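**Student:** Can you look at this prediction? I've put the sequence above it.
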Amino acid sequence: MKSVPRMLFAFLIAVGACTACTGDGSGGGAGLEDPAKKDIAMRIVSSAENSTLDWKAQYEYIEDIGDGRGYTAGIIGFCSGTGDMLAVVERYAKARPGNALERFLPALRAVEGSDSHEGLGEPFTRAWERAATSDAAFRAAQDAERDESYLLPAVRRAEDDGLGALGQLIYFDAYVMHGSDTSESSTGFRALREKALVGAESPAEGGDEEEYLNAFLDARVEAIRKEPSHADTSRVETAQRLFVRERNFGLEPPLNWRVYGDSYHIGAMAARPGG
């Protein structure tokens, strides 16, 4: 192979780096299954869900935020009223039979679909917090439920639509907030995607990635405004929309955004593998 002049070599490296940052319609670079990219995505989601980038400190979080879904807890806000909190505790019971949360399984099954605390209350919240701080198996149960019910389905759907890491993050955050791909709700993920496809073609269909993601985010803003407990749209408008405008389809740091008026930053050297 012939040697490449030094200046030309530097130019080619610079072009390659730029392509990785901005994408070429396919998002470029690694997706959210890459540990470093997953960690970035979790920090961005945590900035909206918990007002902090330290998502690993949220395993023990649990409270009723008054949104009609009962208790909200853990790393992505598993809810007693929607069934995913039950799924976490069931996973934990299989990994650690006889654990302190297992006795609440009948109550969790009974309150699904409501905001009731019947059979739960302070004994349950204390047991959740203790398990999160003392048992890696419980933290692993939260990780597994996040991946299997939210992150991986979002990544697969985004890949099918020709989206890179940024699109995968946008889909993942929508799964977390609005529900899964199978939801019949008018504000669920499937409905959001269908609305987006009315106004724009996905990259897999030959559409422009920026145009399609903006159409999806438009649908999200409309859905968020229908939920009184989630009326603030800054997780879209001053965070995800900003990354789209920058055409950072590979979700490459450095990243700067605002949520609920607070500023966040992930530096180029700050990305680290996550769980």
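**Tutor:** That came in fine, so what should we check first?
**Student:** Just the helices from the stretch 51-200 of the chain, written as ranges.
**Tutor:** Using DSSP state H, counting those that start in this stretch, the helices of the stretch 51-200 of the chain run over residues 84-95, 105-111, 121-134, 136-146, 152-160, 165-178, 189-199.
**Student:** Okay, angle between the last one and helix 165-178 too, please.
**Tutor:** Counting by axes from the mean of the first three to the mean of the last three C-alpha atoms, to 10 degrees, helix 189-199 lies at 130 degrees to helix 165-178.
**Student:** could you list every residue that touches residue 215?
**Tutor:** Counting by C-beta atoms under 8 Å, 6 or more residues apart in numbering, residue 215 makes contact with 195, 196, 197, 199, 200. (Each C-beta comes from the backbone N, C-alpha and C, glycine too.)
**Student:** Run through the stretch 151-275 of the chain and note the low-pLDDT ranges.
**Tutor:** Applying pLDDT under 70 to the stretch 151-275 of the chain picks out residues 181-184, 228-230, 269-275.
**Student:** Quick check: of the contacts of residue 215, which lies closest to residue 239?
**Tutor:** residue 196 (17.8 Å; C-beta to C-beta).
**Student:** Could you report the neighbour count for the closest residue to residue 207 other than its chain neighbours?
**Tutor:** Closest residue in space to residue 207, ignoring its immediate chain neighbours: residue 201 at 3.0 Å, by C-beta to C-beta, 6 or more residues apart in numbering. Here the count is done by other C-beta atoms under 10 Å, and residue 201 has 16 residues near it.
**Student:** roughly how far apart are residue 201 and residue 77?
**Tutor:** Look at residue 201 and residue 77: by C-beta to C-beta, to the nearest Å, they are 32 Å apart.
**Student:** Could you measure from residue 226 over to residue 66?
**Tutor:** 17 Å.
**Student:** oh sorry, the question was meant for residue 29
**Tutor:** 39 Å.
**Student:** of these two, who's got more company?
**Tutor:** residue 29 (18 against 10).
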